[in-house]
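Chemist: Sequence first, predicted coordinates after that:
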Amino acid sequence: MKASELAKDVVRDGKVDLRNYHAYLLTQVEDRKDLDICSHPLNYHSGRHQLLEITSKEFGFYKAALVWTAGFHGNEPHAFLGSAVKLNEVVNYAHKNRVGVRAYLLVNESGARQGTRYNADTPVEDPVANNDFVRYFLTDGRIVDDLGGEDENKVASWWWAADSEQKLPEETRLLSNILTKNWWEGDFRGRIKAVVDCHVDRRTQEDTDVDCPASYQYIFGDPNRFNSILDNVAGVVPLWTNKKILSGLATPAWTDGRGNVTDRYDGTVTDLTRLLGVKDSVAVEVSADTDLDTAAEVYGIWVRGMVDLIVGRR
Ligand SMILES: [Zn+2]
């Protein structure tokens, strides 16, 4: 099924019918013998929700695996619909290459249900940002959640945001707890080799009236290792190059000539996993003018490309 067809069943006026979305994901998983799905409860003041976790069966047997996230922001249906329709293709490819998959394809479903960036408990006028996983302790005594323009050398240490006193959105706290447990005690120890987090940038193009399908990405380290992935992405949508990025950042960033924002230590999930030693942690963005089916292709190219990188390092 194409993402645009799934959207007809699932999205009305930017709001997601969760029952239909869950039904689609469950069908995808139930039709396969090599995937499991489980549900983690999420309790908001405004009601009960869940975080669905899709995982390779016998996950422990995979020496290498990747984590795939989408839908931190509920108003980015491209990300969680596009990822959902690519699940089968990506899992086929990963398993054929003996790479395990753990996927959380709609992290913030209460936000998706109401069509908002943040969850249903978050007041619009005073949002507590989600996708917030890291606290940096600076040498001058300050604690920041995003290094922004700060000198990296000023970092004395870092720790998980969930261990700070600050209130975090429930879905961020839950995913943080899951990651913590898996990283230190369980499945992920030494095994996660790549992380892909899928998003839509709804802000950067606000300054232009021109219809502008595009893609760019937040990466860490040497950008050249992603060149063949980016060649494939450029085959379906233009890379947003040399562009000032306005979305979700305390301080603006610029993409390079291939659409990379490099070494942006912003405390998001991919920054966390970088700190945990996963160099190939990438946040993939498409512009809001990118159509759903193209967005799905971009996410699929990235996750399959990460499988290739993992295989190439064996
Ligand atoms: Zn986003």
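Modeler: Great, that's in hand.
Chemist: This protein against the ion: which residues are in contact?
Modeler: 73, 76, 199 (Cβ under 5 Å from the ion). For the C-beta atoms, the positions are set from N, CA and C on the backbone; glycine is no exception.
Chemist: Check which helix or strand the residue in the stretch 1-150 of the chain that the ion sits nearest to maps to.
Modeler: Residue of the stretch 1-150 of the chain nearest the ion, by Cβ to the ion: His73 (3.6 Å). His73 is part of no helix or strand when elements are defined by DSSP states H and E.
Chemist: what number of residues lie near it?
Modeler: 23 (other Cβ atoms under 10 Å).
Chemist: Enumerate every residue touching the closest residue to it other than its chain neighbours.
Modeler: Spatially, and ignoring its direct neighbours in sequence, His73 is nearest to Arg117 (4.6 Å; Cβ to Cβ, 6 or more residues apart in numbering). Contact analysis of Arg117 by Cβ atoms under 8 Å, 6 or more residues apart in numbering lists 73-76, 111, 127.
Chemist: What's opposite Gly100 in the beta bridge?
Modeler: With DSSP bridges as the criterion, Gly100 is bridged to Ala65.
Chemist: who's in contact with it?
Modeler: For Gly100, the contacting residues are 55-56, 59, 61-62, 64-66, 94, 191, by Cβ under 8 Å, 6+ apart.
Chemist: make it 6 Å
Modeler: By Cβ atoms under 6 Å, 6 or more residues apart in numbering, the residues touching Gly100 are 56, 59, 62, 65.
Chemist: need these in a markdown table with secondary structure, can you?
Modeler: As requested, the contacts of Gly100 are arranged in a markdown table below (DSSP: H, G, I helix; E, B strand; the rest coil):
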| residue | secondary structure |
| --- | --- |
| Ser56 | strand |
| Phe59 | helix |
| Tyr62 | coil |
| Ala65 | strand |
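Chemist: PyMOL command for the buried members of the residues you listed?
Modeler: Listed next is the PyMOL selection for buried residues among these, using 16 or more other Cβ atoms under 10 Å:
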select buried, resi 56+59+62+65
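Chemist: Out of the contacts of Gly100, which comes closest to Asp271?
Modeler: Of all the contacts of Gly100, Asp271 sits closest to Ala65, with 19.7 Å by Cβ to Cβ.
Chemist: Quick check: the closest one touching Arg191?
Modeler: Yes. Counting by Cβ atoms under 6 Å, Ala65 touches Arg191, with 5.2 Å between them.
Chemist: Tell me how many other residues surround whichever residue of the stretch 101-250 of the chain sits closest to the ion.
Modeler: Using Cβ to the ion, the closest approach of the stretch 101-250 of the chain to the ion is made by His199 at 3.4 Å. Neighbourhood size, His199 [other Cβ under 10 Å]: 25.
Chemist: So it belongs to a strand, correct?
Modeler: Yes. Counting by three-state DSSP, His199 is found in a strand.
Chemist: Looks like Lys86 contacts Ala296 (just checking).
Modeler: Yes. With contact defined as Cβ under 6 Å, Lys86 reaches Ala296; the gap is 5.5 Å.
Chemist: residue ranges with poor pLDDT in the stretch 201-314 of the chain?
Modeler: Along the stretch 201-314 of the chain, the parts satisfying pLDDT under 70 run over 206-210, 248-250.
Chemist: residues contacting Ser215?
Modeler: Ser215 sits in contact with 233, 237, 286, 298, where contact means Cβ under 6 Å, 6+ apart.
Chemist: For these, pick the one with the most neighbours.
Modeler: Val286 (30 neighbours).
Chemist: Next, it: secondary structure please.
Modeler: Here Val286 is recorded as strand under three-state DSSP.
Chemist: ok, it to Ser247 distance?
Modeler: 11 Å (Cβ to Cβ, to the nearest Å).
Chemist: just to revisit the earlier point, quick one: the residues of the chain next to the ion as a markdown table, columns for pLDDT too.
Modeler: Formatted as a markdown table, those follow (pLDDT from 0 to 100):
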| residue | pLDDT |
| --- | --- |
| His73 | 96 |
| Glu76 | 97 |
| His199 | 98 |
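Chemist: Thr122: which of those residues is nearest?
Modeler: His73 (11.5 Å).
Chemist: Return the distance of that closest one relative to Pro213.
Modeler: Counting by Cβ to Cβ - His73 and Pro213 are separated by 19 Å.
Chemist: Same check on Met1?
Modeler: Taken as Cβ to Cβ, the span from Met1 to Pro213 is 21 Å.
Chemist: more neighbours, those two?
Modeler: Between Met1 and Pro213, counted using other Cβ under 10 Å, Pro213 has the larger neighbour count: 18 against 14.
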